[in-house]
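**Student:** okay, here's the prediction I keep looking at, along with the sequence it came from:
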Amino acid sequence: MKVQRIPVTVSAGQTITTDDVQLERGADLEAVTVVGSRSTVVRSNVQTAVPVDVINSRDLAATGQVEPTQMLNFVAPSFNSSRQTIADGTDHIDPATLRGLGPDQVLVLVNGKRQHNAALINVNGTIGRGTVGTDLNAIPPSSIEKIEVLRDGAAAQYGSDAIAGVINIVLKKSVNKTTITGYTGAQYKGDGFVYNGGINHGFKLGKQGYLNMSLDYRHRDPANRAGYYNGTVYTSNVAQDEVLIAQRGFSRYNNDQIGQSKLLNTGVVLNGGVPLNPANTTKLYFTGSYNYRRGDAEGFYRYPKQTNQVISQLYPDGFLPQIESTIQDKSVIVGVQGKTHSDWNWDVSNTYGGNSFKFDINNTNNASQYALGANAPTSFYAGTIKFNQNTFDAGLSKDFGKKVNLQSFNVAFGAEYRLDNYQILAGEEASYKNYAPPPTSTKVGGAQVFPGFQPSNAVNENRNVGAAYIDLESDITNKLLVNVAGRYEYYSDFGSNVAGKLALRYKLTDFVSLRGAISNGFRAPSIHQRFFSAISTVFVNTPQGFVPLQQGTFRNNSDIAAAFGIPSLKAEKSINYSAGITSKPAKNVSITIDAYQIEIRDRIVLTGNFTKSNPTVAQILANYPDVNSAIFFTNAVNTRTQGVDIVTSADLKVPKGNLNITLAGNLNKTKLFGNIQTTSKLPADSLNTNTLFNIQEKGRIEQNQPRDKFTLALNYRVGKFNFIVRDTRFGKIATIFNGTDRTRDEHFSPKYVTDVALSFKPKEFMQITIGANNIADVYPDKLKNPLNSSSGVFVYSREATQFGFNGGFYYASLTFNF
């Protein structure tokens, strides 16, 4: 075992520099991983007991992307994320998944500390419907040193959400160094312009302290891939409509905005540390970040023929409503760490983070204000959602290896206390109210495209979480590494959970190892899923005349949910199995192959709409005459995910330069098993079962994400030049129609997306890069059934896409390093 003095950041967030830190023989410092273990023995990603990808900042920048989610999408095959369109707030916070699971089944850490979730809950028909993810794009890329992706269940080590794995973002600590980057690019179609700038600089604090600062700015123009609208515009009479179209000069092209949305993003990060005593055995560390994002997304075009939605005096030719989002994300980490005289490493820290999402609706109207004519308002404040989280944790660790005559025997244990807060703030009255209900008129109340949150939706709820863990890791022999972990958590809103994990790695030879793990995990229901509601009022014509009735998503703890027999949400439970082989046949060659199976029971879903047209529902709602229909969150389905990850890398000396070759792939399949869980008050007949979790939602879980994804990257460095070619194969996907007409199902074939980039360093401190992402201008398959195109507006599917449908993108960047 080789001993070397190096700085290490362990997963508990503790940074130590000590001769007791051991670097395992053959470990490459570039690929050293800290996530997944609390041991002080530093291992590379081919020496760990579970699979971990280590992606450094150079590899992230080499993708030619400017957002962390898209960077990861093209370097980590098990990671998937694509931009959404006409999905309300989801246009501005990209759902991101690992191993084909949900956005809320992967845990995100920053410097080893739990990162808070986004405030937004995905309630539209996109990947991750009904889930809450983490906004990875709130982290400025200029601040990132590397990203570690742990591809294994880790709830026993890190707690809730770590079912698919863990993403740990490690921030820069460099000092006396400045990096300035400018970037611009555009889609081949001439839209979607991107302007990006970033600066990173590090200062020394005293002799051994540091302060690293990063600032990023990103502007993104929208891209539009809307098709030719072939429906009527002014009236349902086709002949008369054509005359009016000609008279008004109305164009059937590009009225809708289908594609990436407009976005402005600014972020700043401070990351620092300073010793608190001359011996440097006690240190203060801190991280602060703030991100501001302004997004502009569109809904469906409102045509003048839609007289119950359009005030003609305002919009004689209809209008395209806009959802303007203001997203603010903040985080502060403060901790103290040290080492006792008896060699116990200790770490105490507090992490506070929050995310808010404000909705402003523009270029729209509240049609029930038609009496105001041209003076009716066209902009509305529709409300704000907020999520805040405070986490206090304390941990201890020590290697007893020498005392028990083992190479290593690391003992780590600790405790955590977390407070979650979720808020919904109501919008202004005009954003949700109907000022002219039937029989006065049939006009629809509330802001078109996004009716505001009502006072009845407003909520301010808290919950607290307590946890304790123990983590043991030992090199029992020169060949056998064993890791055992256990964690207990108690949630004030649903109870307790215990998770455990066993992981092994056995060296067959100096360059071939076997590894495997088995663990049980869990994902606690998010506080968003428990308390979110979005209820609107509609007027229904009954024998007693028009009456106001409520419809929408009701809280899981509401009386309406109880009437349906919907139980209080409980944790999703998982069992993870993995087995793999790793090899380092040569110094600069590595191969890892890992198979896995993840079973999840009681997955939380957002149901379909239960309406009174269903006799069972009508009977349930007999005691609630003011309710017409309802949607809920409930534990309903079980899934089994099976797959294989393959990662190979070689760094070769070739004539006049170096060639790095990386081939990485993921094969993945998710299937439902067992029965869909209805309630005693909702008999499991076809109508109730399909409404609770319909075939479209089944398809969303099983077929909306690529079944396979492979990336082959070649990076050739010669002299002052660097040439990169990356080819990514996105596997097939499908969208399933909620009905009996199977011709409405859409199947999309695999596609290859090729990226190229050429960099030149005229000076040691300057690098110029030109490149093209998706150089062949590849698009997904077009929709085949015209009934799925919304009268021709959608050329490509909005429900699911392998890599988006913006087409080719060219760019140039300039980087200075001082």
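**Tutor:** Everything's here; your move.

**Student:** strands of the stretch 501-650 of the chain, start to end?
**Tutor:** 512-523, 534-542, 545-553, 572-586, 589-606, 610-611, 629-630, 633-654 (DSSP state E, counting those that start in this stretch).

**Student:** could those be laid out in a markdown table, adding mean neighbour count?
**Tutor:** (Glycine included, C-beta is placed from N, CA and C.) Listed next are the strands of the stretch 501-650 of the chain as a markdown table, based on neighbours: other CB atoms under 10 Å:
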| stretch | mean neighbour count |
| --- | --- |
| strand 512-523 | 22 |
| strand 534-542 | 17 |
| strand 545-553 | 17 |
| strand 572-586 | 19 |
| strand 589-606 | 21 |
| strand 610-611 | 20 |
| strand 629-630 | 23 |
| strand 633-654 | 19 |
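
**Student:** return the distance of stretch 175-184 from the chain's centre.
**Tutor:** 27 Å (CA atoms, centre = their mean, to the nearest Å).

**Student:** remind me, longest helix of the protein?
**Tutor:** If you go by DSSP state H, the chain has its longest helix at helix 238-248.

**Student:** if we can go back for a sec, I'd like to know which of the strands of the stretch 501-650 of the chain is closest to residue 128.
**Tutor:** Ranking these by proximity to residue 128 (CB to CB) places strand 589-606 first, at 10.3 Å.

**Student:** quick one: the helices in the stretch 301-450 of the chain?
**Tutor:** Read by DSSP state H, counting those that start in this stretch, the stretch 301-450 of the chain holds no helices at all.

**Student:** re the thing from before, could you dump the strands of the stretch 501-650 of the chain to TSV with mean pLDDT?
**Tutor:** Output for the strands of the stretch 501-650 of the chain, formatted as TSV (pLDDT from 0 to 100):
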stretch	mean pLDDT
strand 512-523	96
strand 534-542	70
strand 545-553	71
strand 572-586	95
strand 589-606	96
strand 610-611	90
strand 629-630	90
strand 633-654	95
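
**Student:** select, out of these, the one closest to residue 164.
**Tutor:** Going by CB to CB, the one of these nearest residue 164 is strand 589-606, 6.9 Å.

**Student:** circling back to that earlier point, and the longest helix of the chain, how far out from the chain middle?
**Tutor:** A distance of 45 Å separates the centroid of the chain from that of helix 238-248, by CA atoms, centre = their mean.

**Student:** with stretch 732-749 instead?
**Tutor:** With CA atoms, centre = their mean, you get 25 Å for stretch 732-749.

**Student:** if we can go back for a sec, I'd like the strands of the stretch 501-650 of the chain as TSV, with distance to residue 739 appended.
**Tutor:** Listed next are those as TSV, based on distance: least, CB to CB, whole Å:
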stretch	distance to residue 739
strand 512-523	31
strand 534-542	23
strand 545-553	21
strand 572-586	29
strand 589-606	19
strand 610-611	16
strand 629-630	18
strand 633-654	20
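
**Student:** average pLDDT across the next helix or strand after the longest helix of the chain?
**Tutor:** Helices and strands here follow DSSP states H and E; after helix 238-248, the next one along the chain is strand 262-275. Mean pLDDT, computed over strand 262-275, is 97.

**Student:** can you list the strands that strand 262-275 pairs with?
**Tutor:** strand 209-220 (antiparallel), strand 282-298 (antiparallel) (DSSP bridges).

**Student:** and the pLDDT at residue 31?
**Tutor:** pLDDT recorded at residue 31 is 54.

**Student:** and of the strands paired with strand 262-275, who's closest to residue 88?
**Tutor:** strand 282-298 (7.3 Å).

**Student:** which one is the residue nearest in space to the middle of the chain nearest to, not counting chain neighbours?
**Tutor:** Nearest to the mean C-alpha position of the chain, by CA atoms, centre = their mean, lies residue 96 at 3.1 Å. Nearest non-adjacent residue to residue 96, counting by CB to CB, 6 or more residues apart in numbering: residue 81, 4.1 Å away.

**Student:** please apply the same query to residue 208.
**Tutor:** Closest residue to residue 208 apart from its sequence neighbours, by CB to CB, 6+ apart: residue 275 at 5.1 Å.

**Student:** okay, now that neighbour: neighbour count?
**Tutor:** Residues within reach of residue 275, counting by other CB atoms under 10 Å, total 18.

**Student:** wait, it touches residue 209, no?
**Tutor:** Yes - Residue 275 lies in contact with residue 209 (CB atoms under 8 Å); the separation is 6.4 Å.

**Student:** show the pLDDT at residue 419.
**Tutor:** 98.

**Student:** just to check, it is in contact with residue 462?
**Tutor:** Yes - in terms of CB under 8 Å, residue 419 counts as a neighbour of residue 462; the distance is 6.5 Å.

**Student:** who are the packing partners of the longest helix of the chain?
**Tutor:** Contact partners of helix 238-248 among helices and strands, from 3 or more CB pairs under 8 Å, 6 or more residues apart in numbering; DSSP states H and E: none.

**Student:** contacts for that helix?
**Tutor:** 232-235, 250, 252, 305, 316-317 (CB atoms under 8 Å, 6 or more residues apart in numbering).

**Student:** how far away is residue 767 from residue 55?
**Tutor:** 19 Å (CB to CB, to the nearest Å).

**Student:** kindly report the same for residue 289.
**Tutor:** 20 Å.

**Student:** higher neighbour count, the two?
**Tutor:** The residue with more neighbours, out of residue 289 and residue 55, is residue 289; 23 against 19, by other CB under 10 Å.

**Student:** who touches the more buried one in this structure?
**Tutor:** Counting by CB under 8 Å, 6+ apart, residue 289 has contacts 110, 138-140, 143, 267-270, 329-332.

**Student:** got these as CSV, with neighbour count and distance to residue 514 columns?
**Tutor:** Listed next are the contacts of residue 289 as CSV, based on neighbours: other CB atoms under 10 Å; distance: CB to CB, whole Å:
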residue, neighbour count, distance to residue 514
110, 27, 32
138, 27, 39
139, 26, 35
140, 25, 40
143, 26, 37
267, 23, 42
268, 18, 45
269, 25, 40
270, 17, 43
329, 25, 41
330, 17, 44
331, 22, 39
332, 16, 42
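
**Student:** of all those residues, which two lie farthest apart?
**Tutor:** 140 and 332 (15.7 Å).

**Student:** hang on, residue 127 packs against residue 705?
**Tutor:** Yes - using CB under 8 Å, residue 127 is in contact with residue 705, at 6.5 Å.
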